[in-house]
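S.K.: Following is a predicted model, sequence given first.
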Amino acid sequence: MTARRESLIITEKEVILEGLKIMKWLKHLKTINHHKWLVMKYCFSVGLYKQGLLHDLSKYSLTEFLVGAKYFQGDQSPNNAERQDKGYSLAWLHHKGRNKHHLEYWIDYSVNKGAPMAGMKMPVKYVVEMFCDRIAASKNYNKEKYTDGDALAYFHASKEHYIIHAETKDLLEKLLAMLKEKGEEKTFHYVRTEVLKRGYEVLKH
């Protein structure tokens, strides 16, 4: 085989690899666009217009987007794949420090003796955005297999290791359970008419 022929084969392989890379970029972009559109729709339905518009804008930054495209899988967060590869996720560390709807944003040093780190009580509007975010993520990853109980199941599978304020956890779980039992329409009506007006007081009833 001539050197020229070998060079052509290498070039063809490189073209294929670049094509696959571009496809992953496009699929990742489609995924985050769809996720953002879903959260925006849900936030708008309860009157959180600013949060709906600004939700997850940091995912379009180079720090997060390049990682998401590189580790894109379609059925789970690319941050998990980055953790498995590197032992940490730079994209997630960047993301959680810029988005107040994540419980990890609200972890701080505790004023209580014996508990060096603790979850702070999240403002209700961000708990609601977190609720919307979890529905959208479940729909994105589970696709046609999605059910209204998926976000609650994910919460139950992960809640033991969460560092989260007790009332924030209870409010999120209450909304996820209502979603499973009563569906989106009734749950979002409850969020709009009760939760965003009465806040954590709804936990007393």
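M.R.: Happy to help now that I have it. Just so it is clear, the structure is predicted and the values come from calculations on it, not from any experiment.

S.K.: what ranges do the strands span in the chain?
M.R.: 107-109, 117-119 (DSSP state E).

S.K.: List the buried residues in the last one.
M.R.: Of all the residues in strand 117-119, those buried under the rule 16 or more other Cβ atoms under 10 Å are 118-119. In short, each C-beta sits where N, CA and C put it, glycine included.

S.K.: what lines up beside it in the sheet?
M.R.: Strand 117-119 sits in its sheet next to strand 107-109 (antiparallel), going by DSSP bridges.

S.K.: Other residues contacting the strand it pairs with?
M.R.: 116-120, 163 (Cβ atoms under 8 Å, 6 or more residues apart in numbering).

S.K.: hmm, which two among the residues you listed are most spread apart?
M.R.: Farthest-apart pair in those is Pro116 and Met120; separation 13.8 Å (Cβ to Cβ).

S.K.: Check the spacing between Met23 and Asn99 real quick.
M.R.: 27 Å (Cβ to Cβ, to the nearest Å).

S.K.: cool, Gly183 as well?
M.R.: Distance from Gly183 to Asn99, by Cβ to Cβ: 27 Å.

S.K.: Show me which of the two is the more surrounded one.
M.R.: Shown here are Gly183 and Asn99; by other Cβ atoms under 10 Å, Asn99 has more neighbours (20 against 11).

S.K.: Settle this for me: that one is touching Ser61, isn't it.
M.R.: No. Assessed by Cβ atoms under 8 Å, Asn99 is found out of contact with Ser61, at 11.5 Å.

S.K.: quick one: low-confidence ranges for this structure?
M.R.: For the chain, the stretches with pLDDT under 70 are 1-22.

S.K.: Closest one of the contacts of strand 107-109 to Gly52?
M.R.: Met120 (23.5 Å).

S.K.: Count the residues that sit near Leu179.
M.R.: 24.

S.K.: now swap in Leu90 and tell me
M.R.: Neighbour number of Leu90 under other Cβ under 10 Å is 15.

S.K.: Likewise for Lys24?
M.R.: For Lys24, using other Cβ under 10 Å, the count is 18.

S.K.: Verify the stated contact: it with Phe72.
M.R.: Yes. With contact defined as Cβ under 8 Å, Lys24 and Phe72 form a contacting pair (4.7 Å).

S.K.: Touching, His55 and Tyr42? I think so.
M.R.: No. Using Cβ under 8 Å, His55 is not in contact with Tyr42, being 9.5 Å away.

S.K.: how about the strands of the chain, which one is nearest Lys145?
M.R.: Of those, nearest to Lys145 by Cβ to Cβ is strand 117-119, at 31.0 Å.

S.K.: So what touches the closest one?
M.R.: Against strand 117-119 from outside (Cβ under 8 Å, 6+ apart): 103, 106-110, 112, 162-165, 168-169.

S.K.: No further queries at this time; thank you.
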